[in-house]
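Visitor: sequence and predicted structure below; questions after.
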Amino acid sequence: MYVCVCNAVTDSHIRNAVDDGVRTFKQLSRTTGCGSTCGSCRETAIEVLVQSLTEKRETTGLLTVMQIA
């Protein structure tokens with residue numbers, strides 16, 4: 001789904017940015033342009049960013065546990 005229409009940023013772009021190391025909205029905006037034009041996508045972009053970071057943290061935690069076992 002498109003999150004930022006102005007810069008054609010999708011939720012997949014945001015998830016990929018998280019995989020590439022993005023951790024803050026400022027970093028997301030700098031790397032994707034998301035939220036840098038009109039700003040109306042900011043709230044949704046932050047929601048997708050937080051969700052992606054949470055999923056990454058949970059996945060990383062599971063991998064760490066699996067590696068230890």
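Guide: It's in.

Visitor: what secondary structure does Gly35 sit in?
Guide: Three-state assignment for Gly35 (DSSP: H, G, I helix; E, B strand; the rest coil): coil.

Visitor: flag every buried residue along the lengthiest helix in the chain.
Guide: Longest helix of the chain, by residue count under DSSP state H: helix 42-68. If you call a residue buried by 16 or more other CB atoms under 10 Å, then helix 42-68 has these buried ones: 42, 44-46, 48-49, 52-53. For every residue, glycine as well, the C-beta is placed using N, CA and C.

Visitor: and for stretch 34-41?
Guide: Within stretch 34-41, the residues scored as buried using 16+ other CB under 10 Å are 34-36, 41.

Visitor: and the longest helix of the chain, average pLDDT?
Guide: Helix 42-68 shows a mean pLDDT of 82.

Visitor: picking that back up, need the buried residues of stretch 34-41 in TSV with distance to Tyr2, can you?
Guide: Listed next are the buried residues of stretch 34-41 as TSV, based on distance: CB to CB, whole Å:
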residue	distance to Tyr2
Cys34	10
Gly35	13
Ser36	15
Cys41	9
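
Visitor: these: which two are farthest apart?
Guide: Among these, the pair separated by the greatest distance (CB to CB) is Ser36 and Cys41, at 9.7 Å.

Visitor: anything in contact with each of these two?
Guide: Cys6 (CB atoms under 8 Å, 6 or more residues apart in numbering).
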